[in-house]
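Asker: 3D model of this:
(chains A, B and C)
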Amino acid sequence: MRLLDWFEPHGRHDLPWQHPRSAYRVWLSEIMLQQTQVQTVIAYFERFTAALPDLPSLAAASHDEVMALWSGLGYYARARNLHAAAKLCMERHGGALPTDFDALLALPGIGRSTAGAILAQAHGLAFAILDGNVKRVLARWRGIDGWPAASAVERELWQFAESLLPNDRLPDYTQALMDLGATVCTRTRPACPRCPLRQDCVARREGRVEQLPTRKPAKILPRRECAMLLAFDESGRVLLQKRGGPGVWNGLWSLPEAPDAYSLAAFIQRHLRTRGAAHVLPAFEHVFSHYRLTITPHRHSAAQARLRVADNNGPELRWAAPAEWPDIGLPAPVRQLLQSQCAHQSTSSEETP
DNA sequence: AAGCCGGGGTG
DNA sequence: CACCCAGGCTT
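Answerer: Numbering: from 1, shown residues only, chains lettered A, B, ... in the order given. All right, here's what the predicted structure looks like:
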(Lines give C-alpha, C1' and ligand atoms only; values in the text may rest on other atoms or scores of the structure.)
Protein backbone atom coordinates (compact mmCIF):
# COMPACT_ATOMS: atom_id res chain seq x y z
CA MET A 1 0.00 0.00 0.00
CA ARG A 2 1.13 3.52 -0.83
CA LEU A 3 1.03 4.72 2.76
CA LEU A 4 3.26 1.93 4.00
CA ASP A 5 5.70 2.36 1.12
CA TRP A 6 5.87 6.06 1.95
CA PHE A 7 6.29 5.35 5.65
CA GLU A 8 9.51 3.36 5.30
CA PRO A 9 11.68 6.21 4.08
CA HIS A 10 9.63 9.23 5.17
CA GLY A 11 7.74 8.32 8.35
CA ARG A 12 8.92 8.95 11.90
CA HIS A 13 10.68 5.93 13.33
CA ASP A 14 12.48 7.50 16.24
CA LEU A 15 9.72 8.68 18.54
CA PRO A 16 10.44 7.62 22.12
CA TRP A 17 7.18 5.67 22.49
CA GLN A 18 8.14 3.51 19.52
CA HIS A 19 11.13 2.02 21.37
CA PRO A 20 9.93 -0.10 22.95
CA ARG A 21 6.36 0.05 21.71
CA SER A 22 4.62 -1.39 24.75
CA ALA A 23 0.93 -0.92 25.45
CA TYR A 24 1.76 1.20 28.48
CA ARG A 25 4.04 3.50 26.55
CA VAL A 26 1.64 3.80 23.61
CA TRP A 27 -1.16 4.58 26.03
CA LEU A 28 0.85 7.20 27.88
CA SER A 29 1.95 8.82 24.65
CA GLU A 30 -1.60 8.89 23.30
CA ILE A 31 -2.87 10.60 26.43
CA MET A 32 -0.05 13.11 26.44
CA LEU A 33 -0.58 13.81 22.77
CA GLN A 34 -4.22 14.70 23.17
CA GLN A 35 -4.38 18.33 22.08
CA THR A 36 -0.64 18.62 22.58
CA GLN A 37 2.01 18.59 19.91
CA VAL A 38 4.73 15.97 19.55
CA GLN A 39 7.51 18.45 20.08
CA THR A 40 6.13 19.38 23.46
CA VAL A 41 5.34 15.85 24.54
CA ILE A 42 8.71 14.16 23.97
CA ALA A 43 10.51 15.63 26.97
CA TYR A 44 7.55 15.00 29.27
CA PHE A 45 7.24 11.44 28.03
CA GLU A 46 10.87 10.67 28.72
CA ARG A 47 10.73 12.19 32.17
CA PHE A 48 7.50 10.37 33.00
CA THR A 49 8.66 6.94 31.83
CA ALA A 50 12.00 7.35 33.57
CA ALA A 51 10.15 7.84 36.85
CA LEU A 52 7.27 5.46 36.22
CA PRO A 53 8.39 2.91 33.62
CA ASP A 54 5.37 0.62 33.69
CA LEU A 55 1.72 0.45 34.60
CA PRO A 56 2.15 -1.04 38.09
CA SER A 57 4.59 1.69 39.06
CA LEU A 58 2.14 4.32 37.85
CA ALA A 59 -0.68 2.70 39.78
CA ALA A 60 1.48 2.66 42.90
CA ALA A 61 2.63 6.26 42.55
CA SER A 62 1.12 9.00 44.65
CA HIS A 63 -1.26 11.50 43.14
CA ASP A 64 1.24 14.25 43.85
CA GLU A 65 4.02 12.50 41.99
CA VAL A 66 1.85 11.91 38.93
CA MET A 67 0.70 15.49 38.89
CA ALA A 68 4.25 16.73 39.31
CA LEU A 69 5.35 14.68 36.29
CA TRP A 70 2.46 16.14 34.33
CA SER A 71 3.01 19.69 35.47
CA GLY A 72 3.26 22.04 32.49
CA LEU A 73 1.44 19.83 30.01
CA GLY A 74 -2.00 21.22 30.77
CA TYR A 75 -5.34 19.44 30.65
CA TYR A 76 -4.67 17.98 34.07
CA ALA A 77 -7.78 15.83 33.97
CA ARG A 78 -5.72 13.66 31.61
CA ALA A 79 -3.26 12.92 34.41
CA ARG A 80 -5.98 12.21 36.93
CA ASN A 81 -7.69 9.87 34.49
CA LEU A 82 -4.41 8.19 33.63
CA HIS A 83 -3.68 7.48 37.26
CA ALA A 84 -7.19 6.26 37.97
CA ALA A 85 -7.12 4.03 34.90
CA ALA A 86 -3.83 2.48 36.00
CA LYS A 87 -5.34 1.60 39.35
CA LEU A 88 -8.39 0.15 37.64
CA CYS A 89 -6.13 -2.00 35.47
CA MET A 90 -4.51 -3.40 38.62
CA GLU A 91 -7.94 -4.34 39.93
CA ARG A 92 -9.68 -5.47 36.79
CA HIS A 93 -7.07 -6.59 34.33
CA GLY A 94 -4.21 -8.13 36.30
CA GLY A 95 -1.96 -5.10 36.13
CA ALA A 96 -1.97 -4.57 32.37
CA LEU A 97 -4.04 -2.66 29.87
CA PRO A 98 -6.83 -4.80 28.46
CA THR A 99 -6.66 -5.86 24.81
CA ASP A 100 -10.42 -5.70 24.47
CA PHE A 101 -11.81 -2.57 22.82
CA ASP A 102 -14.78 -2.16 25.13
CA ALA A 103 -12.69 -2.75 28.23
CA LEU A 104 -10.28 -0.05 27.06
CA LEU A 105 -13.11 2.32 26.28
CA ALA A 106 -14.43 1.81 29.80
CA LEU A 107 -11.23 3.25 31.30
CA PRO A 108 -11.28 6.95 32.13
CA GLY A 109 -9.53 9.15 29.58
CA ILE A 110 -9.68 6.55 26.81
CA GLY A 111 -12.12 7.28 24.01
CA ARG A 112 -12.68 5.63 20.68
CA SER A 113 -9.60 6.99 18.99
CA THR A 114 -7.19 6.37 21.85
CA ALA A 115 -8.50 2.83 22.31
CA GLY A 116 -8.00 2.20 18.61
CA ALA A 117 -4.50 3.63 18.71
CA ILE A 118 -3.48 1.38 21.60
CA LEU A 119 -4.87 -1.76 19.97
CA ALA A 120 -3.41 -0.97 16.56
CA GLN A 121 -0.01 0.27 17.66
CA ALA A 122 0.70 -2.00 20.59
CA HIS A 123 -1.09 -5.15 19.46
CA GLY A 124 -1.36 -4.88 15.68
CA LEU A 125 -5.13 -5.20 15.74
CA ALA A 126 -7.28 -3.72 12.97
CA PHE A 127 -8.75 -0.69 14.74
CA ALA A 128 -8.96 2.78 13.28
CA ILE A 129 -7.93 6.03 14.84
CA LEU A 130 -9.37 9.45 14.14
CA ASP A 131 -7.43 12.32 15.58
CA GLY A 132 -6.97 15.80 14.21
CA ASN A 133 -4.23 14.79 11.78
CA VAL A 134 -6.13 11.80 10.44
CA LYS A 135 -9.34 13.77 10.10
CA ARG A 136 -7.49 16.29 7.96
CA VAL A 137 -5.89 13.63 5.75
CA LEU A 138 -9.13 11.74 5.24
CA ALA A 139 -11.28 14.82 4.70
CA ARG A 140 -8.94 15.97 1.96
CA TRP A 141 -8.29 12.59 0.43
CA ARG A 142 -11.98 11.81 0.02
CA GLY A 143 -13.15 15.41 -0.26
CA ILE A 144 -15.42 15.27 2.77
CA ASP A 145 -17.17 18.57 3.38
CA GLY A 146 -18.36 19.86 6.71
CA TRP A 147 -16.94 20.57 10.11
CA PRO A 148 -15.35 17.30 11.32
CA ALA A 149 -16.81 17.63 14.79
CA ALA A 150 -20.35 17.60 13.43
CA SER A 151 -21.75 14.16 14.12
CA ALA A 152 -22.68 13.29 10.54
CA VAL A 153 -19.24 14.28 9.27
CA GLU A 154 -17.53 12.41 12.05
CA ARG A 155 -19.52 9.27 11.23
CA GLU A 156 -18.43 9.50 7.63
CA LEU A 157 -14.80 9.96 8.64
CA TRP A 158 -14.86 6.96 10.97
CA GLN A 159 -16.45 4.87 8.26
CA PHE A 160 -13.81 5.88 5.75
CA ALA A 161 -11.03 5.29 8.28
CA GLU A 162 -12.26 1.77 9.01
CA SER A 163 -12.71 0.93 5.35
CA LEU A 164 -9.04 1.70 4.76
CA LEU A 165 -7.59 -0.60 7.42
CA PRO A 166 -5.01 -3.03 6.04
CA ASN A 167 -4.75 -6.66 7.11
CA ASP A 168 -1.29 -6.44 8.57
CA ARG A 169 1.37 -3.99 9.71
CA LEU A 170 -1.24 -2.09 11.71
CA PRO A 171 1.32 -0.34 13.91
CA ASP A 172 3.19 1.07 10.92
CA TYR A 173 -0.01 1.87 9.06
CA THR A 174 -1.40 3.80 12.01
CA GLN A 175 1.83 5.70 12.50
CA ALA A 176 2.05 6.38 8.76
CA LEU A 177 -1.37 8.01 8.68
CA MET A 178 -0.50 10.28 11.60
CA ASP A 179 2.92 11.09 10.19
CA LEU A 180 1.45 11.99 6.84
CA GLY A 181 -0.89 14.43 8.53
CA ALA A 182 1.87 15.85 10.68
CA THR A 183 4.57 16.26 8.05
CA VAL A 184 2.97 16.36 4.57
CA CYS A 185 -0.78 16.92 4.76
CA THR A 186 -0.33 19.81 7.14
CA ARG A 187 -3.00 22.31 8.00
CA THR A 188 -1.28 25.13 6.17
CA ARG A 189 0.92 24.80 3.13
CA PRO A 190 0.59 21.05 2.66
CA ALA A 191 3.35 19.44 0.58
CA CYS A 192 1.06 17.82 -1.96
CA PRO A 193 3.84 17.04 -4.47
CA ARG A 194 5.42 14.79 -1.85
CA CYS A 195 2.17 13.08 -0.87
CA PRO A 196 1.77 9.38 -1.64
CA LEU A 197 -2.00 9.90 -2.00
CA ARG A 198 -1.83 12.77 -4.48
CA GLN A 199 -3.07 10.74 -7.48
CA ASP A 200 -6.56 10.26 -6.12
CA CYS A 201 -6.84 13.04 -3.57
CA VAL A 202 -10.22 14.65 -4.17
CA ALA A 203 -9.34 17.92 -2.48
CA ARG A 204 -6.22 18.25 -4.62
CA ARG A 205 -8.10 17.42 -7.80
CA GLU A 206 -10.76 20.00 -7.02
CA GLY A 207 -8.34 22.61 -5.71
CA ARG A 208 -9.88 22.55 -2.25
CA VAL A 209 -6.87 21.46 -0.22
CA GLU A 210 -6.73 24.68 1.75
CA GLN A 211 -10.49 24.65 2.27
CA LEU A 212 -10.64 21.18 3.83
CA PRO A 213 -11.31 20.15 6.46
CA THR A 214 -14.10 22.68 6.84
CA ARG A 215 -13.34 25.03 9.65
CA LYS A 216 -15.34 25.27 12.78
CA PRO A 217 -18.28 27.58 12.13
CA ALA A 218 -17.63 30.98 13.56
CA LYS A 219 -19.64 31.77 16.62
CA ILE A 220 -22.81 33.61 15.75
CA LEU A 221 -22.28 37.14 16.94
CA PRO A 222 -25.11 39.35 18.12
CA ARG A 223 -26.10 42.00 15.63
CA ARG A 224 -26.39 45.68 16.28
CA GLU A 225 -27.41 48.44 13.95
CA CYS A 226 -26.73 52.11 13.88
CA ALA A 227 -27.09 55.11 11.64
CA MET A 228 -24.10 57.31 10.97
CA LEU A 229 -24.13 60.89 9.82
CA LEU A 230 -21.96 61.96 6.93
CA ALA A 231 -22.45 65.70 7.06
CA PHE A 232 -20.31 67.79 4.72
CA ASP A 233 -20.12 71.56 4.77
CA GLU A 234 -19.70 73.71 1.66
CA SER A 235 -15.95 73.32 1.71
CA GLY A 236 -16.10 69.53 1.84
CA ARG A 237 -15.26 69.12 5.51
CA VAL A 238 -17.01 66.35 7.39
CA LEU A 239 -18.54 66.61 10.85
CA LEU A 240 -16.85 64.41 13.46
CA GLN A 241 -17.85 63.58 17.00
CA LYS A 242 -15.56 62.42 19.76
CA ARG A 243 -16.70 59.15 21.23
CA GLY A 244 -17.10 58.79 24.96
CA GLY A 245 -18.53 56.06 27.12
CA PRO A 246 -17.34 52.53 27.64
CA GLY A 247 -17.42 51.42 24.01
CA VAL A 248 -14.55 50.09 21.95
CA TRP A 249 -14.19 53.40 20.17
CA ASN A 250 -13.96 55.48 23.33
CA GLY A 251 -11.69 58.45 22.76
CA LEU A 252 -11.69 58.13 18.99
CA TRP A 253 -13.11 60.69 16.65
CA SER A 254 -15.91 59.14 14.65
CA LEU A 255 -18.95 60.10 12.66
CA PRO A 256 -21.97 61.13 14.73
CA GLU A 257 -23.91 57.97 15.42
CA ALA A 258 -27.44 57.16 16.50
CA PRO A 259 -29.33 53.92 17.07
CA ASP A 260 -31.64 54.57 14.12
CA ALA A 261 -32.60 57.07 11.45
CA TYR A 262 -35.13 58.73 13.73
CA SER A 263 -32.62 59.50 16.45
CA LEU A 264 -30.16 60.64 13.85
CA ALA A 265 -32.72 63.08 12.48
CA ALA A 266 -33.11 64.50 15.97
CA PHE A 267 -29.36 64.96 16.21
CA ILE A 268 -29.32 66.75 12.88
CA GLN A 269 -32.13 69.05 13.88
CA ARG A 270 -30.40 69.91 17.11
CA HIS A 271 -26.94 70.60 15.76
CA LEU A 272 -27.09 71.40 12.06
CA ARG A 273 -28.73 73.50 9.44
CA THR A 274 -29.01 71.39 6.33
CA ARG A 275 -30.52 71.88 2.93
CA GLY A 276 -32.54 69.03 1.56
CA ALA A 277 -33.10 65.55 2.87
CA ALA A 278 -30.57 62.97 3.90
CA HIS A 279 -29.22 60.70 1.24
CA VAL A 280 -29.31 57.20 2.67
CA LEU A 281 -26.33 55.19 1.49
CA PRO A 282 -26.13 51.41 1.32
CA ALA A 283 -25.65 49.81 4.73
CA PHE A 284 -22.45 47.91 5.38
CA GLU A 285 -21.27 45.61 8.12
CA HIS A 286 -18.37 45.81 10.49
CA VAL A 287 -17.44 42.82 12.60
CA PHE A 288 -16.07 43.23 16.09
CA SER A 289 -14.83 40.40 18.26
CA HIS A 290 -18.12 40.33 20.12
CA TYR A 291 -20.81 41.65 17.77
CA ARG A 292 -21.61 42.63 14.21
CA LEU A 293 -22.48 46.23 13.56
CA THR A 294 -24.57 47.16 10.55
CA ILE A 295 -23.94 50.79 9.71
CA THR A 296 -26.33 52.82 7.60
CA PRO A 297 -24.70 56.06 6.50
CA HIS A 298 -26.88 59.14 6.01
CA ARG A 299 -25.26 61.82 3.91
CA HIS A 300 -26.00 65.52 4.08
CA SER A 301 -24.25 68.01 1.86
CA ALA A 302 -24.23 71.74 2.42
CA ALA A 303 -24.56 71.50 6.16
CA GLN A 304 -23.74 74.21 8.65
CA ALA A 305 -23.31 73.95 12.38
CA ARG A 306 -26.35 75.34 14.14
CA LEU A 307 -24.47 75.89 17.41
CA ARG A 308 -20.88 76.43 18.21
CA VAL A 309 -19.26 73.08 17.74
CA ALA A 310 -17.41 73.39 21.05
CA ASP A 311 -20.55 73.54 23.14
CA ASN A 312 -19.80 72.62 26.74
CA ASN A 313 -22.94 70.60 27.31
CA GLY A 314 -23.36 68.93 23.98
CA PRO A 315 -21.28 66.33 22.20
CA GLU A 316 -17.75 67.23 21.23
CA LEU A 317 -17.94 68.08 17.56
CA ARG A 318 -15.56 69.34 14.92
CA TRP A 319 -15.28 69.78 11.22
CA ALA A 320 -12.42 67.96 9.52
CA ALA A 321 -11.15 68.51 6.00
CA PRO A 322 -10.12 65.47 3.96
CA ALA A 323 -6.48 66.46 4.29
CA GLU A 324 -6.79 66.11 8.07
CA TRP A 325 -8.44 62.68 8.06
CA PRO A 326 -5.24 60.64 7.89
CA ASP A 327 -3.96 62.23 11.10
CA ILE A 328 -7.14 61.78 13.13
CA GLY A 329 -7.75 58.64 15.16
CA LEU A 330 -10.71 57.21 13.28
CA PRO A 331 -12.23 53.72 13.61
CA ALA A 332 -11.31 51.58 10.62
CA PRO A 333 -14.81 51.32 9.11
CA VAL A 334 -15.31 55.08 9.45
CA ARG A 335 -12.04 55.77 7.72
CA GLN A 336 -13.03 53.36 4.99
CA LEU A 337 -16.41 54.98 4.58
CA LEU A 338 -14.89 58.44 4.36
CA GLN A 339 -12.40 57.32 1.77
CA SER A 340 -15.08 55.71 -0.35
CA GLN A 341 -17.14 58.88 -0.09
CA CYS A 342 -14.20 61.00 -1.08
CA ALA A 343 -13.52 58.84 -4.11
CA HIS A 344 -17.18 58.85 -4.96
CA GLN A 345 -17.55 62.58 -4.72
CA SER A 346 -14.56 63.29 -6.90
CA THR A 347 -15.68 60.94 -9.65
CA SER A 348 -19.39 61.63 -9.73
CA SER A 349 -21.32 64.71 -10.60
CA GLU A 350 -23.27 66.86 -8.19
CA GLU A 351 -25.86 64.93 -6.24
CA THR A 352 -29.48 65.88 -6.60
CA PRO A 353 -31.27 66.34 -3.27
C1' DA B 1 -24.39 19.88 20.27
C1' DA B 2 -21.73 22.82 22.99
C1' DG B 3 -18.58 24.05 26.71
C1' DC B 4 -14.57 22.98 29.06
C1' DC B 5 -9.84 21.90 29.94
C1' DG B 6 -4.53 24.67 29.07
C1' DG B 7 -0.28 25.61 27.16
C1' DG B 8 1.98 26.49 22.88
C1' DG B 9 2.35 27.52 17.94
C1' DT B 10 0.79 29.97 13.84
C1' DG B 11 -1.17 33.30 10.27
C1' DC C 1 -6.48 37.90 18.00
C1' DA C 2 -8.64 33.49 16.11
C1' DC C 3 -7.78 29.12 15.31
C1' DC C 4 -5.60 24.69 15.78
C1' DC C 5 -3.26 20.77 18.02
C1' DA C 6 -2.11 12.47 18.47
C1' DG C 7 -9.61 14.11 22.55
C1' DG C 8 -12.50 13.05 26.10
C1' DC C 9 -15.83 14.19 29.53
C1' DT C 10 -19.82 16.67 31.22
C1' DT C 11 -23.97 19.13 30.73
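Asker: A:L230 is in contact with A:Q341, correct?
Answerer: Yes: if you go by C-beta atoms under 8 Å, A:Q341 and A:L230 touch, sitting 6.2 Å apart. The way it works is simple: take the backbone N, C-alpha and C, and place the C-beta from them, glycine included.
Asker: Spit out the residues that contact those two alike.
Answerer: Common contacts of A:Q341 and A:L230 (C-beta atoms under 8 Å, 6 or more residues apart in numbering): A:R299.
Asker: Next, find the distance separating the residue of the stretch 101-250 of chain A found nearest DNA strand B from A:H279.
Answerer: Taking C-beta to the nearest atom of the strand, DNA strand B has its nearest neighbour within the stretch 101-250 of chain A at A:S151, 2.9 Å off. Counting by C-beta to C-beta, to the nearest Å, the separation of A:S151 from A:H279 is 50 Å.
Asker: now the helices for chain A?
Answerer: Remark: helices assigned in chain A by DSSP state H are A:2-10, A:23-32, A:38-51, A:55-60, A:63-70, A:77-92, A:101-105, A:112-123, A:132-142, A:151-163, A:170-183, A:202-205, A:261-271, A:332-347.
Asker: Kindly check the end-to-end length of stretch A:65-82 for me.
Answerer: Taking C-alpha to C-alpha, to the nearest Å, the first and last residues of stretch A:65-82 lie 13 Å apart.
Asker: Now do the same for that stretch: mean pLDDT, whole number.
Answerer: Across stretch A:65-82, pLDDT averages out at 92.
Asker: What residues sit buried inside it?
Answerer: A:66, A:69-70, A:73, A:78-82 (16 or more other C-beta atoms under 10 Å).
Asker: now stretch A:14-24
Answerer: For stretch A:14-24, by 16+ other C-beta under 10 Å, it's A:15, A:17-18, A:22-24.
Asker: same thing with stretch A:260-271?
Answerer: A:264-265, A:267-268, A:271.
Asker: and A:E324, how many neighbours does it have?
Answerer: 14 (other C-beta atoms under 10 Å).
Asker: can you pull the pLDDT of it?
Answerer: pLDDT, read off for A:E324, is 88.
Asker: So, low pLDDT: which residues of the stretch 201-350 of chain A?
Answerer: Low-confidence segments of the stretch 201-350 of chain A (pLDDT under 70): A:219-222, A:245-248, A:288-290, A:307-313, A:342-350.
Asker: Now do the strands for it: every range, in order, please.
Answerer: Here the stretch 201-350 of chain A has its strands, by DSSP state E, counting those that start in this stretch, at A:223-231, A:238-242, A:253-254, A:257-258, A:272-273, A:279-280, A:284-287, A:292-300, A:304-305, A:317-320.
Asker: So what touches the last one?
Answerer: This means strand A:317-320. Counting by C-beta under 8 Å, 6+ apart, residues outside strand A:317-320 touching it are A:233, A:237-242, A:253, A:256, A:271, A:305, A:309-311, A:328.
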